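In: Predicted model and sequence below, questions to follow.
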Amino acid sequence: MTVIYIDVLIGLNIYITYFLLLATESLSKSKSKAFRRGIASCAGGLSALLILAPDLPFVLLLLIKLMVAALLIWINFGFRARAVFLKRVLIFFGVNFVFAGFMIAVWFLFTPPKLAIRNGTVYYHLSALTLIVSTILAYGAVRLLEWLLARRVPPKRLYEAEVTVNGKQAALTVFLDTGNKACSMSGLPAVLCTAGSLKDIVPQNVLACMQNVEAVTALSGQQWASRIQMIPYHAISGKGVLAGFQPDSFAIIENGEKIVRPCVLAPVFEPVSDGEADAIAGEMLFEE
């Protein structure tokens, strides 16, 4: 019978969860802040106490694991779009299976005397060197899978961006649509954003006015009136005019570097993609 030390159990799974989250970020082409990843890793370490519970039925264990995965992804990334959130949960769940499979293989091949797997939780009392090497190899296997998928599947044109308005910031995932030529009447490139992605930086009454171009005149005399710009558009369904606004700052994030781009944001009140992006822009936004 393996003796389980609680401090080793929690510390081990904090360490493992951290690398699982890194792998999830890599596969989902997303990035979270270090402090969020740290909090999520600690939560993952505490969830390992499930190993102390009696053996659970498979279906119940699966539900618990899915809820834990959803909680950790929520802590690590937050919640912005249902489809994106679900995709990240499933990727994290899949990465866990890869890691668990790797550790079971270690168990069968080398039969470490102090390794226990129960209720989907791994515990082993190994040397620090063995632990580090094992985790790095498992993480390397995930990165290899990412590399193979990248060679088979063309990368989507998704970019992370940060928008600032009156000192408030919001993160956006922008899809590059090469056929999108929309720009404001002043010539600035237009970025179509879901209204939900802007709700933390734009007052609700302002968003409501921009939903109807004719209602924008209600902003006359307010500080937002000077930001408003009209955006003519042509689409298959017809042509018209959208109301947009110029933010204080809009930056595309590439390789950790923020590249500021002047633009106008146009709130739209329906999905702009299949859920992976909450904004669409044309090539004009990315031109030097």
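Out: It's in.

In: which residues in the stretch 101-250 of the chain form strands?
Out: Using DSSP state E, counting those that start in this stretch, the strands of the stretch 101-250 of the chain run over 115-118, 121-124, 158-165, 168-176, 190-194, 228-235, 238-245, 249-254.

In: Let me know which of the ones you listed is the nearest to residue 46.
Out: Within the strands of the stretch 101-250 of the chain, the stretch nearest residue 46 is strand 121-124; the backing value is 11.3 Å (C-beta to C-beta). Backbone N, C-alpha and C define where each C-beta goes, glycine included.

In: circling back: for the strands of the stretch 101-250 of the chain, which one sits closest to residue 271?
Out: Of all the strands of the stretch 101-250 of the chain, strand 190-194 comes closest under C-beta to C-beta, at 6.7 Å.

In: Show the average pLDDT along that closest one.
Out: Across strand 190-194, the average pLDDT comes to 91.

In: Show me what that strand is packed up against.
Out: With contacts taken as 3 or more C-beta pairs under 8 Å, 6 or more residues apart in numbering; DSSP states H and E, strand 190-194 sits against strand 168-176, strand 238-245, strand 264-268, strand 279-281.

In: Pipe those strands into a markdown table and attach mean neighbour count, distance to residue 187 and mean pLDDT per row.
Out: Shown next, in a markdown table, are the helices and strands packed on strand 190-194 (neighbours: other C-beta atoms under 10 Å; distance: least, C-beta to C-beta, whole Å; pLDDT from 0 to 100):
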| stretch | mean neighbour count | distance to residue 187 | mean pLDDT |
| --- | --- | --- | --- |
| strand 168-176 | 19 | 19 | 88 |
| strand 238-245 | 16 | 13 | 82 |
| strand 264-268 | 24 | 10 | 90 |
| strand 279-281 | 24 | 15 | 88 |
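
In: what's the closest of the strands of the stretch 101-250 of the chain to residue 53?
Out: strand 115-118 (8.4 Å).

In: average pLDDT across that closest one?
Out: 61.

In: before we move on, back to that, nearest to residue 9, of the strands of the stretch 101-250 of the chain?
Out: It's strand 121-124; of the strands of the stretch 101-250 of the chain, that one is closest to residue 9 (C-beta to C-beta) at 5.3 Å.

In: I'd like the average pLDDT over the closest one.
Out: 63.

In: likewise stretch 249-258?
Out: Average pLDDT, stretch 249-258: 84.

In: Pull out the buried residues from it.
Out: Within stretch 249-258, the residues scored as buried using 16 or more other C-beta atoms under 10 Å are 250-253.

In: Other residues contacting it?
Out: For stretch 249-258, the external contacting residues (C-beta atoms under 8 Å, 6 or more residues apart in numbering) are 31, 159-164, 174, 191, 259-263, 265, 285-286.

In: export the strands of the stretch 101-250 of the chain to a markdown table and tack on distance to residue 53?
Out: Shown next, in a markdown table, are the strands of the stretch 101-250 of the chain (distance: least, C-beta to C-beta, whole Å):
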| stretch | distance to residue 53 |
| --- | --- |
| strand 115-118 | 8 |
| strand 121-124 | 9 |
| strand 158-165 | 39 |
| strand 168-176 | 37 |
| strand 190-194 | 41 |
| strand 228-235 | 56 |
| strand 238-245 | 53 |
| strand 249-254 | 42 |
